[in-house]
Structures are given as structure tokens and as C-alpha cells.
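*Asks:* let me see the structure of the following:
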Amino acid sequence: MINIEETVFTAIREIRGTHVPEKLTRETNLKEMADSLDIIEIIMEVEEKLDADVSDADLEDLKTVGDLVTLFEGAK
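*Replies:* Numbers count the residues shown, from 1 in each chain. Coordinates of the predicted model:
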């Protein structure tokens, strides 16, 4: 079984590279860590890795990394 949280964290590290907070947690604020283009790239990467689709409407409420993990947990 794929670990959704680890998949999200890995995608963030791949897209953001050295611009990831030293301690990345579920409470990390997405918008303080990445711009909207990076967030879209992260979501697309996770969608591809998990073979999942999330609706654009669900993306508007994302505030933290944990919100993103929860969104993908519901998409599987």
C-alpha cells in the first residue's frame, strides 16, 4: 500500500528542492512555503504517483500540507 503522506512530502521536496522548511510537517503552511504554481506542480505530481484525481474546487481550501494529505486520502 502506498503511503500517501510520504508521497506528498516527497513531491514537495522534489518540486521545492532546497526551499523546503527543514522540518516539513502536516502543519506546514503551503502558501508560505510555495507559490501557487509550485502548489499546482506538487498536486499534479502526487496525482500522477497515486493515480488519483482531485477537483479544482477542493484545492481552494488547502492551507497546510496536512490538508493536501487529507485531500488525497479522500481521493483514493
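
*Asks:* count of neighbours near Val8?
*Replies:* As a burial measure, Val8 scores 26 neighbours (other Cβ atoms under 10 Å). No exception for glycine: its C-beta is placed from N, CA and C like everyone else's.

*Asks:* what strand or helix carries it?
*Replies:* Counting by DSSP states H and E, the element that carries Val8 is helix 4-16.

*Asks:* any idea which helix or strand comes after that helix?
*Replies:* Note on helix 4-16: by DSSP H and E, the next helix or strand toward the C-terminus is helix 30-33.

*Asks:* tell me the helices and strands packed up against that following helix.
*Replies:* helix 65-75 (3 or more Cβ pairs under 8 Å, 6 or more residues apart in numbering; DSSP states H and E).

*Asks:* buried stuff in the helix it packs on?
*Replies:* Residues of helix 65-75 classed as buried by neighbour count (16 or more other Cβ atoms under 10 Å): 65-66, 68-72, 75.

*Asks:* how far off helix 4-16 does that helix point, in degrees?
*Replies:* 120 degrees (axes from the mean of the first three to the mean of the last three Cα atoms, to 10 degrees).

*Asks:* which residues touch Glu48?
*Replies:* By Cβ atoms under 8 Å, 6 or more residues apart in numbering, no residues touch Glu48.

*Asks:* and the helix holding Val8, what does it pack against?
*Replies:* With contacts taken as 3+ Cβ pairs under 8 Å, 6+ apart, helix 4-16 sits against helix 36-50, helix 65-75.

*Asks:* for the least confident helix or strand in the chain by mean pLDDT, which outside residues touch it?
*Replies:* Of all the helices and strands that make up the chain, helix 56-59 has the lowest average by mean pLDDT, DSSP states H and E, namely a mean of 86. With contact meaning Cβ under 8 Å, 6+ apart, helix 56-59 is reached by 43, 71.
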